[in-house]
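# need a structure here:
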Amino acid sequence: MTKAAGPSEKPIAGPLRRARYVPRQLVSAAELNADQAYFRELARRHNRFLHGCGVVCGLEVLVQPGGLEVLVQPASQAPRVVVTPGHAISPRGDDIYLPAEREITLGEARRCFDNDQDRTCYVVLAYREAPVAPAPVLPDPCMPAVGQQFSRVLAGYALTLEEELPAGWGSPPDCGDLACELWRDAPPHGAPGPCAPCPPGDAGDQVVLAALRLAPQGGGVAVSYAPRRRVLSLQFLAETLRCLLPRLTGIAPDRAAQGTRVAVTLAGERLMEAREARFGSGIVAALVERADDQVVVQLDIAANARPGPRGFRLLTTRGVANGAACGLQFTVLPGGSGYGDHLSSGIGGELL
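So this is what the prediction gives:
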């Protein structure tokens, strides 16, 4: 690709200002570029503050031909490292897209392994820009000969091997630090602590994909993802929660009369750790049986319980399963509706 450089403008540290256009205004390149700088910095701050930095998807580092395992080759053959397509967010907040598989020949970084000791270097992906598409500039009376200017900026990347981690990259925090950070602004007990700091905007544009441990004189290469950071997409988080949280899929029976006692079966997934069921005022619920795919709940419905449909919840150690969110509800029928006869006959459920 065209030789690339870093971002074309410096980070905007203070308040953002966008252009405001008025009728009959003379709009120059400065106004249009200021508008682009405003929206680009807005997108960077969104990425940096809300999502963080790291690998979003793809960008696997593979040692050819054997994948991630240690590869032993003669010293005369430089091992090959391949980075697969993917997307990352830089510490500054720039989106970095690698559209196709890219091969790195370790011979390009001989400083990393031309010695008699084991060395570690890092596969680093950085955001880069390149001016492209030169076009003639219309002459001006004051500047008759201006030649050509690049009319486009190509958002690209640079993939390099570095001997040191980029400044500020460091190691990810351990779980204890993350737990403290989670409760920093709103701790479960006591007064709120100091607010969590915002990431700086000048932390660089490099993302570490992996570490390569290089044996002396081309003896072998091992890949480690220890310094790699992940940026989890909302889709990934939603799928993860779907696989971890309890979920309700059915309730039978789904109605009963005032002043009755009835056993209802809640069907679903990951319900074994259920500890409490709540059906609202006028209904006392007690767990009778628990299994992974269903829970039996005994309901004592007061004679003055509010009639009509209502939502319900099942509390588990994994989280709360909300019947209404799953499209389920339980209906309290007025007393003397005849539904109690159905319950006792086994058509609508079983009286306890």
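# didn't Ile251 look like it was pressed against Cys326?
No. With contacts defined as C-beta atoms under 8 Å, Ile251 does not count as touching Cys326, sitting 9.5 Å away. All C-beta atoms are positioned from the backbone trio N, CA, C, and that covers glycine.
# which of those two has more neighbours?
The residue with more neighbours, out of Ile251 and Cys326, is Ile251; 19 against 15, by other C-beta atoms under 10 Å.
# Kindly state the beta-bridge partners for the more buried one.
The partner list for Ile251 in beta bridges (DSSP bridges) reads Leu266.
# Check it and give its pLDDT.
For Ile251, the model assigns a pLDDT of 96.
# Name the single longest helix found in the protein.
When the chain is parsed with DSSP state H, its longest helix is helix 29-46.
# Residues in contact with it: which ones?
Applying C-beta atoms under 8 Å, 6 or more residues apart in numbering, the set of residues contacting helix 29-46 from outside is 9, 11-12, 16-19, 21, 92-95, 201.
# Would you mind checking the residues you listed for buried ones?
12, 92-94, 201 (16 or more other C-beta atoms under 10 Å).
# Among these, which are located in helices?
Secondary structure assignment (DSSP H) places none of those within helices.
# Quick one: mean pLDDT over stretch 236-247.
For stretch 236-247, the mean pLDDT works out to 87.
# Convert that stretch to PDB, retaining C-alpha atoms only.
What follows is stretch 236-247, C-alpha atoms only, in PDB (Å, rounded to 0.1, in the frame of the first residue of the first chain):
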ATOM      1  CA  PHE A 236     -20.500 -11.200  21.800                       C
ATOM      2  CA  LEU A 237     -21.600 -10.000  25.300                       C
ATOM      3  CA  ALA A 238     -25.200 -10.600  24.500                       C
ATOM      4  CA  GLU A 239     -24.500 -14.100  23.300                       C
ATOM      5  CA  THR A 240     -22.300 -14.700  26.400                       C
ATOM      6  CA  LEU A 241     -25.100 -13.500  28.700                       C
ATOM      7  CA  ARG A 242     -27.600 -15.700  26.900                       C
ATOM      8  CA  CYS A 243     -25.400 -18.700  27.600                       C
ATOM      9  CA  LEU A 244     -24.900 -17.800  31.300                       C
ATOM     10  CA  LEU A 245     -28.100 -16.300  32.600                       C
ATOM     11  CA  PRO A 246     -31.200 -18.200  33.500                       C
ATOM     12  CA  ARG A 247     -34.100 -18.100  31.000                       C
END
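# nearest to Glu163, of the buried ones among the contacts of helix 29-46?
The shortest separation between Glu163 and any of the buried ones among the contacts of helix 29-46 is 22.1 Å, and it belongs to Arg92 (by C-beta to C-beta).
# Now do the closest one, the pLDDT please.
In the predicted model, Arg92 carries a pLDDT score of 91.
# what's the answer for Asn304, then?
94.
# my read: it touches Ser281, true?
No. The pair Asn304 and Ser281 does not pass the contact test of C-beta under 8 Å, sitting 9.8 Å apart.
# From Glu101, how far out is Val332?
Summarising the geometry, the distance separating Val332 from Glu101, computed by C-beta to C-beta, to the nearest Å, is 61 Å.
# Between those two, tell me which one has more neighbours.
The residue with the greater number of neighbours, taking Val332 and Glu101 and applying other C-beta under 10 Å, is Val332; the counts read 24 against 13.
# which intervals of the stretch 151-300 of the chain have sub-threshold pLDDT?
Residues of the stretch 151-300 of the chain meeting the criterion pLDDT under 70: 171-174, 176-196, 215-219.
# Helices of that one, residue ranges please.
Counting by DSSP state H, counting those that start in this stretch, one finds helices in the stretch 151-300 of the chain at the ranges 175-182, 234-244.
# So what's the residue count around Cys121?
Other residues lying near Cys121 total 20 when counted by other C-beta under 10 Å.
# Hmm, it is touching Leu212, no?
Yes. Between Cys121 and Leu212 there is a contact under C-beta under 8 Å: 5.4 Å.
# Can you tell me which of the contacts of helix 29-46 end up in strands?
Residues of the contacts of helix 29-46 located in strands (DSSP state E): Asp95.
# Which of the contacts of helix 29-46 sits closest to Gln149?
Of all the contacts of helix 29-46, Gln149 sits closest to Glu9, with 16.9 Å by C-beta to C-beta.
# And the longest strand anywhere in the chain, what does it pack against?
Ranked by residue count, the top strand of the chain under DSSP E comes out as strand 119-136. The contact analysis (3 or more C-beta pairs under 8 Å, 6 or more residues apart in numbering; DSSP states H and E) places strand 119-136 against strand 80-83, strand 95-98, strand 148-162, strand 206-214.
# right, so these: which one is the most enclosed?
Mean neighbour counts were taken over these using mean count of other C-beta atoms under 10 Å, and the top value, a mean of 22, falls to strand 206-214.
# just to revisit the earlier point, farthest pair in the contacts of helix 29-46?
With C-beta to C-beta as the measure, no two of the contacts of helix 29-46 lie farther apart than Tyr21 and Arg92, at 28.6 Å.
# tell me the domain ranges of this structure?
Recorded structural domains for the chain (assignment: automatic domain parsing) are 29-173+200-235, 246-345.
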